[in-house]
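Visitor: okay, predicted coordinates and the sequence, questions at the end:
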Amino acid sequence: MSVLLPETIRRVDALVAETQATGYAPSLVAGVVRDGVLAHLATAGTTPEPHADLQYRIGSISKTMTAVLVLQLRDAGRLALDDPLERYLPDTGVGTPTLRQLLGHAGGLQREPDGEWWERSTGGDLAALLAGLTPAKLAYPPHRVYHYSNLAYGLLGAVLERVTGRSWWKLLHERLLTPLGMVRTTYQATEPFARGYVVHPWHGTLREEPRTDTGAMAPAGQLWSTPTDLARWAAFLADPDPAVLAPATLTEMCAPVVISDLDSWRSGHGLGLELYRCGDRVYVGHGGSMPGYVATLAVHRPSRTGVIGFANSYGLRAGSIGGLGERLLTGVLDTEPAPVRAWRPATAPPEAEVAELCGRWWWMGREYEVTWVPEAGELVCTGLRPAGAVPWRFVRDGDGRWRGRAGMNDGEVITVLRDPAGTPVALDIATFVLTRDPEGNP
């Protein structure tokens, strides 16, 4: 089990206590996730007293799960991200944006559906949602600018239902929550749960908010979850179970569709995931709010570290739950040693066609070392000077082929050049030819 240093725990607890006190949150809880487990849970407030199995509403963090469902269907060949919405929902009047653009809030759709504020009122069905669509709901041409749209995720839920014939909630329960053991993530509040409030700004009294069924808008923000369950989701985003989603697909979700902050490039949006740049690090995740609740989820994928947090008030009087999450995550990464996985000896030498590629190679006077990582099935090519170069990783891609999966040559293919005796004498990587000769001669 991952364990935090006592000083880190003290700082996390102090920051959570300070945020609850200055933010006027009836209760606030935040957890640190490391290497797949909930390593520490910090709590503050007594209305109610938080614990690991207490439900809060997670709001738009629901969108990250909706996005994974869409990508699952894409990987299964049942839809394409560059299909226009009208292929699945014809005659809506807003059918020109693609599914990719809707996932990244770059489809130009207005933020909300027609009618009353959907977050605080009982939602209508899919027919009612679609009936409210007109061309006027396109605020911008697709991909002109970033424009956050809850409506887009209601429509993505409708696409999931049209493609599969099953409701968004049934798909979510069967394809994500059950496989990941998230048994306390539910459509409606299930005891024990924290009641949600608006805090009066002058005298600190509480007004309890309704717990709505948002109907067809549920894919944008309906769900309830616990610290234990949301920690499982953070661990999944850091290192996904391949039986649920291919790791390469999760990495694809983390690539920017649009930069949402053009002045400083501190934030953007991928395929359903918000991207936050904090110094030299990029976190992925999402914030969430519904009347009476705010939540945060932020993950640093390279270190498999994340933070989750909840409060049962509609916003904080000072600061924000998202700001708390980023401060906690940065603090943990700055002070905690990175988890180290023990090295284990190989059980056998690599097969001949792998062994003959290992060793030293040169290109333009630069020295490279190719090694074999048996547990990952990867050839790793590392530049030796200057030190600290990002290695290139390759995996098998058919008979005698190796394709890049990380580093500068991600996606490129190694062509092995051999002499008349069949001995490898050069590695051609996208016309960059590495040889055994420091002077570059095969």
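Guide: Thanks, I have it. Remember, it's a predicted structure, so these values are computed and weren't measured experimentally. Numbers count the residues shown, from 1 in each chain.

Visitor: surely G124 touches G115?
Guide: Yes - G124 is within contact range of G115, at 7.2 Å (criterion: Cβ atoms under 8 Å). To be clear about C-beta, it is placed using only N, CA and C from the backbone, and glycine gets the same treatment.

Visitor: and those two? Which one has more around it.
Guide: Using other Cβ atoms under 10 Å, the more surrounded residue of G124 and G115 is G124, with 20 against 13.

Visitor: show me the contacts for the more buried one.
Guide: Contact analysis of G124 by Cβ atoms under 8 Å, 6 or more residues apart in numbering lists G115, G215, A216.

Visitor: need the longest helix for the chain.
Guide: Looking across the chain with DSSP state H, the single longest helix is helix 6-23.

Visitor: any idea which helix or strand comes after that helix?
Guide: Later in the chain than helix 6-23, the nearest helix or strand by DSSP states H and E is strand 27-34.

Visitor: quick one: strands adjacent to whichever helix or strand comes after that next one?
Guide: Using DSSP H and E, the helix or strand that follows strand 27-34 in sequence is strand 37-45. Within its sheet, strand 37-45 is paired with strand 27-34 (antiparallel), according to DSSP bridges.

Visitor: next, the angle from the strand it pairs with to helix 6-23.
Guide: Taking axes from the mean of the first three to the mean of the last three Cα atoms, to 10 degrees, one finds strand 27-34 and helix 6-23 inclined to each other by 150 degrees.

Visitor: so for strand 27-34, mean pLDDT?
Guide: What strand 27-34 shows for mean pLDDT is 98.

Visitor: helices or strands up against the helix or strand containing L324?
Guide: Here L324, judged by DSSP H and E, is contained in helix 321-335. In terms of contacts (3 or more Cβ pairs under 8 Å, 6 or more residues apart in numbering; DSSP states H and E), helix 321-335 is packed against helix 6-23, strand 27-34, strand 274-278, strand 281-290, strand 293-300, strand 305-311.

Visitor: any buried residues in the helix or strand that comes right after it, and which?
Guide: Sequence order places helix 352-355 as the next helix or strand after helix 321-335, per DSSP H and E. By neighbour count with 16 or more other Cβ atoms under 10 Å, helix 352-355 contains the buried residues V354.

Visitor: how far away from the center of its chain is the helix or strand just after helix 352-355?
Guide: The helix or strand immediately downstream of helix 352-355 is strand 359-363, counting by DSSP H and E. Mean C-alpha position of strand 359-363 versus that of the full chain (Cα atoms, centre = their mean, to the nearest Å) differs by 37 Å.

Visitor: mind listing residues that contact strand 359-363?
Guide: Contacts of strand 359-363 (Cβ under 8 Å, 6+ apart): 367-370, 381, 427, 432-440.

Visitor: got the angle between the helix or strand just after that strand and strand 359-363?
Guide: Reading on from strand 359-363 to the C-terminus, the next helix or strand found by DSSP H and E is strand 366-373. Between the axes of strand 366-373 and strand 359-363, defined by the same axes, to 10 degrees, the angle is 140 degrees.

Visitor: who does strand 366-373 pair up with?
Guide: With DSSP bridges as the test, strand 366-373 pairs up with strand 359-363 (antiparallel), strand 378-383 (antiparallel).

Visitor: any idea of the mean pLDDT for that strand?
Guide: Averaged across strand 366-373, the pLDDT comes to 94.

Visitor: now it: buried residues?
Guide: Neighbour counts using 16+ other Cβ under 10 Å place Y368, V370, W372 of strand 366-373 among the buried residues.

Visitor: so which residues of the stretch 101-250 of the chain form helices?
Guide: Taking DSSP state H, counting those that start in this stretch to define them, one finds helices in the stretch 101-250 of the chain at 126-131, 150-164, 168-172, 227-238, 247-253.

Visitor: give me the residues contacting the fourth one.
Guide: I take that to be helix 227-238. 29, 31, 33, 36-38, 41, 50-54, 58, 61, 64-65, 180-185, 225, 244-245, 250, 273, 284-285, 295, 297, 299-301, 304-308, 310.

Visitor: can you give me the end-to-end distance of stretch 104-119?
Guide: End-to-end distance for stretch 104-119: 21 Å, by Cα to Cα, to the nearest Å.

Visitor: now do stretch 189-205
Guide: First residue to last in stretch 189-205 (Cα to Cα) measures 23 Å.

Visitor: and it, what's buried?
Guide: Under 16+ other Cβ under 10 Å, the buried positions of stretch 189-205 are F193, A194, R195, G196, Y197, V199.

Visitor: what's the answer for stretch 83-96, then?
Guide: By neighbour count on 16+ other Cβ under 10 Å, the buried set for stretch 83-96 is P84, L85, Y88, L89, T92, V94, G95, T96.

Visitor: thinking again about what came up before, got JSON lines for the buried residues of stretch 189-205, with pLDDT too?
Guide: Converted to JSON lines, the buried residues of stretch 189-205 look like this (pLDDT from 0 to 100):
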{"residue": "F193", "pLDDT": "98"}
{"residue": "A194", "pLDDT": "98"}
{"residue": "R195", "pLDDT": "98"}
{"residue": "G196", "pLDDT": "98"}
{"residue": "Y197", "pLDDT": "98"}
{"residue": "V199", "pLDDT": "96"}
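
Visitor: what bridges to L427?
Guide: L427 has these beta-bridge partners by DSSP bridges: V416, L434.

Visitor: mind checking which of the helices of the stretch 101-250 of the chain is nearest L15?
Guide: helix 227-238 (16.1 Å; Cβ to Cβ).

Visitor: only alpha carbons, please: show that closest one as PDB.
Guide: Output in PDB follows, covering the C-alpha atoms of helix 227-238 (Å, rounded to 0.1, in the frame of the first residue of the first chain):
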ATOM      1  CA  PRO A 227     -14.200   9.200  -1.800                       C
ATOM      2  CA  THR A 228     -13.500   5.500  -2.100                       C
ATOM      3  CA  ASP A 229     -15.200   5.200  -5.400                       C
ATOM      4  CA  LEU A 230     -13.900   8.400  -6.900                       C
ATOM      5  CA  ALA A 231     -10.400   7.400  -5.900                       C
ATOM      6  CA  ARG A 232     -10.900   4.200  -8.000                       C
ATOM      7  CA  TRP A 233     -11.800   6.400 -10.900                       C
ATOM      8  CA  ALA A 234      -8.700   8.600 -10.400                       C
ATOM      9  CA  ALA A 235      -6.600   5.400 -10.300                       C
ATOM     10  CA  PHE A 236      -8.300   4.300 -13.600                       C
ATOM     11  CA  LEU A 237      -7.500   7.700 -15.300                       C
ATOM     12  CA  ALA A 238      -3.900   7.300 -14.100                       C
END
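
Visitor: tell me how far that helix lies from the chain's centre.
Guide: 10 Å.

Visitor: can you give me the angle that helix makes with strand 305-311?
Guide: 140 degrees.

Visitor: report the buried residues of helix 227-238.
Guide: So, applying 16+ other Cβ under 10 Å, buried residues of helix 227-238: P227, T228, D229, L230, A231, R232, W233, A234, A235, F236, L237, A238.
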